[in-house]
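Asker: just coords:
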């Protein structure tokens, strides 16, 4: 069953086209990863879906209702977490959570207490004193304690520490098990990889790639930096090896995830001195995707964060 | 569409909760200053002669530039003095209150992304604006009543109930007018400073 659908969604701000015919579909019980570089149109798409912006052309429907005209009805069953949560500085975190619950009308008090414990939030402090991560927690707690059918999360983990990030991932998994749908916008590829069933990649207002993780597997290569005693022979003939580049005494290459063990087996014959591996950053993936070959990832220098 | 106003009441309560110190402070300050000024006039110009003397000085260009052309100068009672010298200044303060409060809850909240949080919940698109307008109308009505009844309660001979309430109502109406002007500019201007600028410009032009 389709929960969320957009067809040929276009949004123009004056002469600037922010969205250029976005087609997207999120099914029930599915976690849809929405990835793309900054300014690609992720947040604009989400604002249109939330009925905050009106689409110039095309249509967006959630639960079969029009995202603009039936916004209030739709919002009773969705929960939204923005990437940059701004709250009322002189209200406490608990008061804000209560406010959201009151506006939404539904409430699950036990769940809320449980989440406050889990996310380790002090709800008696004023929002003005919260750090960015703590403000993010307030929005996450109120979202996941609601009885929403669809969660729209716009880079929800920005500012969260790794521990909280994991708790967030648990929450998403729980929601999925409960048959809820999630639209997760992010540029943290590892998070998307871990959570999402299907992924849509947006760039310059267009969805350029969409499919299951498996279908997009070509996008997830591991970068290796190896230094061996003997030069590695016949590396080019191996399946799943890309972008071989010589760097000082080492060799950098990129390997398809499923071929990794074969490649390592091959390399180990030549006496490995040093081996570094890092998943390519989303940026690298985009670079490759657009240049066709390209891809100048420097292994070890950062990696996916 | 009735849905446009969904949950206006709850948002109005949110605004009152945020401003539970701010709004009372404004109202109390304006009311007190008005009442104290009335008492001060009473003390300053105790007799008819003194009041007529000051009425004469009102008839020169400098004073007209300050407080406007005099009215009620023939019988310059404390009531007339209030209406002549105080009403304009108080009205400006009330207008400033309205402009600041409305901007704070419309354009500033929009800029900081708080409106987005509200709009993502089941709240109508116009609910915030209507809640702000409602709160400001309430604030100004309360101010009008307090000032009006307060002046009457001073039991100054020249200020009867009707006159006192009229004085209060003039302030309240000014406040509501500028709340509306600001609400309009909050929709038209690109940022909160623009809203403040345009609203104060209108204030400057009209007064």
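Answerer: Ah, there it is. Keep in mind the model is a prediction, meaning the values are calculated, not measured.
Asker: Nearest to chain A within chain B, name that residue for me.
Answerer: Proximity to chain A, evaluated over chain B using CB to the nearest CB, is greatest for residue B:120 at 3.6 Å. Backbone N, C-alpha and C define where each C-beta goes, glycine included.
Asker: correct me, but that residue touches residue A:80?
Answerer: Yes. Counting by CB atoms under 8 Å, residue B:120 sits close enough to residue A:80 to count as a contact (3.6 Å).
Asker: Excluding chain neighbours, give the residue nearest to residue B:101 in space.
Answerer: Closest residue to residue B:101 apart from its sequence neighbours, by CB to CB, 6 or more residues apart in numbering or on different chains: residue B:136 at 6.1 Å.
Asker: before we move on, which element is that neighbour in?
Answerer: Taking DSSP states H and E as the definition, one finds residue B:136 inside helix B:127-153.
Asker: Go through that helix and flag the buried ones.
Answerer: Buried positions in helix B:127-153, judged by neighbour count with 16 or more other CB atoms under 10 Å in any protein chain shown: B:127-137, B:139-148, B:150-152.
Asker: Show me what it is packed up against.
Answerer: Contact partners of helix B:127-153 among helices and strands, from 3 or more CB pairs under 8 Å, 6 or more residues apart in numbering or on different chains; DSSP states H and E: helix B:8-18, helix B:22-44, helix B:87-105, helix B:114-119, helix B:161-188.
Asker: and these as TSV, adding mean pLDDT?
Answerer: TSV is the format used below for those (pLDDT from 0 to 100):
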stretch	mean pLDDT
helix B:8-18	94
helix B:22-44	94
helix B:87-105	95
helix B:114-119	91
helix B:161-188	96
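Asker: Save these as CSV, and put in mean neighbour count too.
Answerer: Putting the helices and strands packed on helix B:127-153 into CSV (neighbours: other CB atoms under 10 Å in any protein chain shown) gives the following:
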stretch, mean neighbour count
helix B:8-18, 19
helix B:22-44, 16
helix B:87-105, 22
helix B:114-119, 22
helix B:161-188, 20
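Asker: Can you add distance to residue A:116 and give the ones you listed back as CSV?
Answerer: CSV is the format used below for these (distance: least, CB to CB, whole Å):
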stretch, distance to residue A:116
helix B:8-18, 20
helix B:22-44, 29
helix B:87-105, 28
helix B:114-119, 18
helix B:161-188, 35
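Asker: Could you say which one of those comes nearest to residue A:200?
Answerer: With respect to residue A:200, and counting by CB to CB, the nearest of the helices and strands packed on helix B:127-153 is helix B:114-119 at 22.1 Å.
Asker: and the one residue in chain A that gets nearest to chain B, what pLDDT?
Answerer: Taking CB to the nearest CB as the measure, the point where chain A comes nearest chain B is residue A:80, at 3.6 Å. According to the predicted model, the pLDDT of residue A:80 comes to 94.
Asker: for it, helix, strand, or coil?
Answerer: Local secondary structure at residue A:80 is given as strand here, using DSSP: H, G, I helix; E, B strand; the rest coil.
Asker: Number of residues surrounding it?
Answerer: Each residue near residue A:80 was counted by other CB atoms under 10 Å in any protein chain shown, and the total is 27.
Asker: near chain A, which residues of chain B?
Answerer: For chain B, the residues in contact with chain A (CB under 8 Å from any CB of the partner chain) are B:1, B:3, B:6-7, B:10-11, B:14, B:17-18, B:112-114, B:116-125.
Asker: quick one: low-confidence parts of the stretch 151-300 of chain A?
Answerer: Across the stretch 151-300 of chain A, residues meeting the criterion (pLDDT under 70) sit at A:214-220, A:279-300.
Asker: What segments of it are helices?
Answerer: Per DSSP state H, counting those that start in this stretch, the stretch 151-300 of chain A has helices spanning A:162-177, A:189-195, A:260-268, A:282-291. These are given in chain order.
Asker: which stretch among those helices comes nearest residue A:39?
Answerer: With respect to residue A:39, and counting by CB to CB, the nearest of the helices of the stretch 151-300 of chain A is helix A:282-291 at 12.5 Å.
Asker: The closest residue to residue A:250 other than its chain neighbours: neighbour count?
Answerer: If you skip the residues right next to it in sequence, residue A:250 has residue A:227 as its closest partner in space, 4.4 Å away by CB to CB, 6+ apart. Using other CB under 10 Å, the number of residues around residue A:227 comes to 15.
Asker: My read is that residue A:227 contacts residue A:276, right?
Answerer: No. With contact defined as CB under 8 Å, residue A:227 and residue A:276 do not form a contacting pair (9.0 Å).
Asker: contacting residues for residue 156?
Answerer: Going with chain A. Taking CB atoms under 8 Å, 6 or more residues apart in numbering or on different chains, we find residue A:156 in contact with A:81-83, A:136, A:139-140, A:168, A:184, A:186.
Asker: that's the other chain; I wanted chain B
Answerer: If you count contacts by CB under 8 Å, 6+ apart, residue B:156 has them with B:38, B:42, B:78-79.
Asker: same thing with residue A:226?
Answerer: Taking CB under 8 Å, 6+ apart as the contact definition, residue A:226 lies against A:232, A:250-251, A:253, A:267, A:272, A:274-276.
Asker: before we move on, which element is the residue lying farthest from the centre of chain B in?
Answerer: Here chain B has its C-alpha centre computed as a mean, and the residue farthest from that point, by CA atoms, centre = their mean, is residue B:49 with 33.4 Å. Under the criterion DSSP H and E, the helix or strand holding residue B:49 is helix B:48-57.
Asker: Mind giving me the packing neighbours of that helix?
Answerer: The elements that helix B:48-57 packs onto, with contact taken as 3+ CB pairs under 8 Å, 6+ apart, are helix B:78-81.
Asker: tell me, what's touching residue B:120 and residue A:80 both at once?
Answerer: The overlap between the contact sets of residue B:120 and residue A:80 (CB under 8 Å, 6+ apart) consists of A:50, A:152.
Asker: So what's the residue count around residue B:65?
Answerer: Neighbours of residue B:65 using other CB under 10 Å come to 8.
Asker: same deal with the one 10 residues further on?
Answerer: For residue B:75, the tally of surrounding residues (other CB under 10 Å) stands at 12.
Asker: do the same with residue B:21
Answerer: For residue B:21, the count of nearby residues is 9 (other CB under 10 Å).
Asker: what's across from residue A:126 in the sheet?
Answerer: Going by DSSP bridges, residue A:126 is paired in beta bridges with residue A:92.
Asker: Span of stretch A:66-78 from start to end?
Answerer: This stretch, stretch A:66-78, spans 14 Å end to end (CA to CA, to the nearest Å).
Asker: center of chain B, which residue is that?
Answerer: By CA atoms, centre = their mean, chain B has its centre lying nearest to residue B:94, at 2.4 Å.
Asker: which non-adjacent residue is nearest it?
Answerer: Counting by CB to CB, 6+ apart, the nearest residue to residue B:94 once its immediate chain neighbours are dropped is residue B:175, at 4.3 Å.
Asker: How is the residue lying closest to residue B:58 once chain neighbours are set aside assigned, secondary-structure-wise?
Answerer: The spatial neighbour of residue B:58 that comes closest, neighbours along the chain excluded (CB to CB, 6+ apart), is residue B:70 at 4.3 Å. Following three-state DSSP, residue B:70 is assigned to coil.
Asker: I figured residue B:70 hits residue B:56, correct?
Answerer: No. In terms of CB under 8 Å, residue B:70 does not count as a neighbour of residue B:56; the distance is 9.8 Å.
Asker: Neighbour count: those two, which is higher?
Answerer: Between residue B:70 and residue B:56, residue B:70 has the larger neighbour count (other CB under 10 Å), namely 20 against 11.
Asker: wait, is residue A:68 part of a helix?
Answerer: No. Inclusion of residue A:68 in a helix is not indicated when three-state DSSP is applied; the result is coil.
Asker: Neighbours of it, how many?
Answerer: 19.
Asker: how close does it get to residue A:25?
Answerer: Per CB to CB, to the nearest Å, residue A:68 is found 19 Å from residue A:25.
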